[in-house]
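Engineer: sequence first, then the predicted structure, then my questions.
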Amino acid sequence: MAFLIGLSLGQVTLAAFASVIFYTISYALYNLYLHPLRRYPGPLLMRATRATACWHQMRGTLPFDVLDLHKKYGPVVRIAPNELAFCDPQAWKDIMGHKTATGGSGSLSGSEMEKWQKFYRPIQEIPTDIVNAPREEHALLRRTMAHGFSDRNMREQQPIIKQYIDLLMQRLREHGDEGKKAVDIAAWYNFTTFDVIGDLAFGESFGCLEKSQYHPWVKAIFQVARVGTVFQSCAHYPILIKLLLAIAPKSAMEERQKHIDMTKDKLRRRMESDKDRPDLIEGLLKRADEWGLTLDKLQTNSAILIIGGSETTATLLSGVTFLLLTNQPALEKLTAEIRGAFKTEDEITFSSVSVLPYLLACLEEALRMYPPVPTGLPRVVPKGGASIAGHYVPENNIVAVHQWAMYHNDKHFKEPFEYHPERWLGDLEFTEDDKDAFQPFHLGPRNCLGKNLAYVEMRLILARVLWNFDVKIAEESRDWMTKQRIYNLWEKGPLMTYLTPVKRER
Ligand code: HEM
């Protein structure tokens, strides 16, 4: 520091500025010419600095941009100095797959790839949960929570789920005014899935359907998702995270604390009630004392169940509704399947909806075109490096498959931007489709624990809507899907629809 003595403030500022410029340029040059990933293709600005990918992420366009990049550069693209995006079905197994005796997931040491903490936990002070926990803690949490998702438990959860779907049907009738008034069906799906999962995780719903409005807890989640992309971007520049936390308004911090306190209150009430209730949190509560699980840990895990288990399902239901309403032949075929399969609404149950082939095909095609988890969820290549889809990737680099880009690439799916449920029913026109590319719930040890629950809810809700109503899209929502952006989650916006109740002879 001695050399700075005697310099004016202006000279010091200039020197600091020059050092930053020098560092940035040297770092960019290192990334371009010396970095272990230097031979992978990608746009210059993405290969040189992480800031470019951050910019795309904060604009909400990263998954769409990644498709363009794959088209230009091929199935492996360097989207940041230390990160590769893969668009090859084999990459799913190599990145996410189970460890096997021969090395399993693509890692050459045979270790599974850990989740990248800069993405999953940009603020390290936040306690871990099942989604972001490191491997050992995750295995413990997963074993315990899996019980809540067992077939037996799900059968026992049927009456809980049904009561909310009944209330949804009632509310849609009340608000739709015999098909004369457009309703935002995306919001109603959200109310339903949040109420269901609230009940299954806390033993009490959020009362969204009851009050016909979002609960503040639920509203906060949407805000957090958007702010989350900013924090994820800033995690690469620790000083920015500190700055953000320092300048965050006091009211935002108070809101966050209120959110946590509300979750804990709900949990306390659940803990005081029947421990043997067949819900999603039962397993954790039973082992809480044995494993020393604190209320903080229980709180973060129940909160993640709510987020993971409601917004995803509601997103897909909104997507499939939009896709059906803008593809009349598919809508007619599905409506005929549902109305032909049952004599009364009471016959629509967990087991009876699960055998309707066209219903499943419509959901699969919606999961392809509008995957609820559209972005790449990054993993870290372990010690020794990995072979991913035939490409060697050195250790400590970041790899991911971006679902939206994978499913809209015509190398994997014919006419990828068109809605064809038939492709999932063996139609000869689509025999060239590469179905292994399609992994909306991921695969391997960290795949979706709630997949069966999601299918049950999606099938039941869509079947009940089409059984009860003739549905039409409002003109203002015709471009609903194309105008959306992605901030970790889809920013859905209202999906306005007319719902005319079907008149049946008694
Ligand atoms: C259409 C609906 C859904 C989709 C597309 C979906 C997708 C996913 C994906 C891609 C993951 C992996 C996340 C990662 O690698 O970080 C995941 C994890 C998870 N999902 Fe889902 N999900 C859905 C519904 C649900 C539901 C209804 C629940 C019930 C609570 C649920 C609970 C979970 C849990 C607990 C995990 C973490 C599993 C683990 O890390 O072991 N999901 N989901």
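Structural biologist: Good, I have the coordinates.

Engineer: quick check: residues of the stretch 251-400 of the chain near the ligand?
Structural biologist: 280, 305, 308-309, 312-313, 316, 372-373, 377 (CB under 6 Å from any ligand atom). For glycine as for every other residue, the C-beta is placed from the backbone atoms N, C-alpha and C.

Engineer: in the longest helix along the chain, what counts as buried?
Structural biologist: With secondary structure taken from DSSP state H, the chain has its longest helix at helix 295-325. Residues of helix 295-325 classed as buried by neighbour count (16 or more other CB atoms under 10 Å): 297-325.

Engineer: over to stretch 492-505?
Structural biologist: For stretch 492-505, burial by neighbour count (16+ other CB under 10 Å) applies to 492-499.

Engineer: which ones among these map onto strands?
Structural biologist: 496-499 (DSSP state E).

Engineer: in a markdown table, list those along with distance to residue 54.
Structural biologist: Output for these, formatted as a markdown table (distance: CB to CB, whole Å):
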| residue | distance to residue 54 |
| --- | --- |
| 496 | 34 |
| 497 | 36 |
| 498 | 41 |
| 499 | 41 |
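
Engineer: so which of the residues you listed also contact the ligand?
Structural biologist: Of those, not one also sits near the ligand (CB under 6 Å from any ligand atom).

Engineer: any idea which of those is closest to the ligand?
Structural biologist: When those are ranked by distance to the ligand (CB to the nearest ligand atom), residue 497 comes first, at 20.0 Å.

Engineer: quick check: bridge partners of the closest one?
Structural biologist: Applying DSSP bridges to residue 497 gives these bridge partners: residue 183, residue 473.

Engineer: pLDDT value on it, please?
Structural biologist: Reported pLDDT at residue 497 in the predicted model: 98.

Engineer: for it, what are its contacts?
Structural biologist: Contacts for residue 497 (CB atoms under 8 Å, 6 or more residues apart in numbering) come out as 182-185, 321, 325, 471-474, 477.

Engineer: and for residue 263?
Structural biologist: 202, 217, 299, 302-303.

Engineer: residue 191 now?
Structural biologist: 168, 171, 208-209, 212-214.

Engineer: so which of these are also by the ligand?
Structural biologist: Okay, of the contacts of residue 191, nothing touches the ligand (CB under 6 Å from any ligand atom).

Engineer: which of those residues fall in strands?
Structural biologist: Going by DSSP E, the strands hold none of the contacts of residue 191.

Engineer: whichever of the residues you listed end up buried, select them in PyMOL.
Structural biologist: Applying 16+ other CB under 10 Å to the contacts of residue 191, the buried members can be selected in PyMOL as follows:
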select buried, resi 168+171+208+209+214
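
Engineer: can you list the residues of the stretch 101-250 of the chain near the ligand?
Structural biologist: 130-131, 142, 197.

Engineer: related to what we said a few turns ago, could you work out the most separated pair of the residues of the stretch 251-400 of the chain next to the ligand?
Structural biologist: Put simply, by CB to CB the two of these set farthest apart are 280 and 377, 21.5 Å from each other.

Engineer: neighbour count winner among the two?
Structural biologist: Neighbours per residue (other CB atoms under 10 Å) separate residue 280 from residue 377, with residue 280 holding more: 26 against 19.

Engineer: still on that earlier bit, looking at the contacts of residue 497, which is nearest residue 354?
Structural biologist: Using CB to CB as the measure, the one of those that approaches residue 354 most closely is residue 321, at 19.8 Å.

Engineer: any residue of the host helix or strand of residue 463 touching the ligand?
Structural biologist: Secondary structure from DSSP states H and E places residue 463 in helix 451-468. Yes - judged by CB under 6 Å from any ligand atom, helix 451-468 comes into contact with the ligand at 453-454.

Engineer: could you give the mean pLDDT of that helix?
Structural biologist: Mean predicted confidence for helix 451-468 is 97.

Engineer: start the count at 31, not 1, going forward
Structural biologist: Sure thing, new numbering starts at 31, so read that last one as helix 481-498.

Engineer: and the residue in the stretch 381-530 of the chain that the ligand sits nearest to, what does it touch?
Structural biologist: Across the stretch 381-530 of the chain, the shortest distance to the ligand (CB to the nearest ligand atom) belongs to residue 480, at 2.0 Å. By CB under 8 Å, 6+ apart, residue 480 lies in contact with 179, 335, 338-339.

Engineer: one more time with 7 Å
Structural biologist: 179, 338-339 (CB atoms under 7 Å, 6 or more residues apart in numbering).
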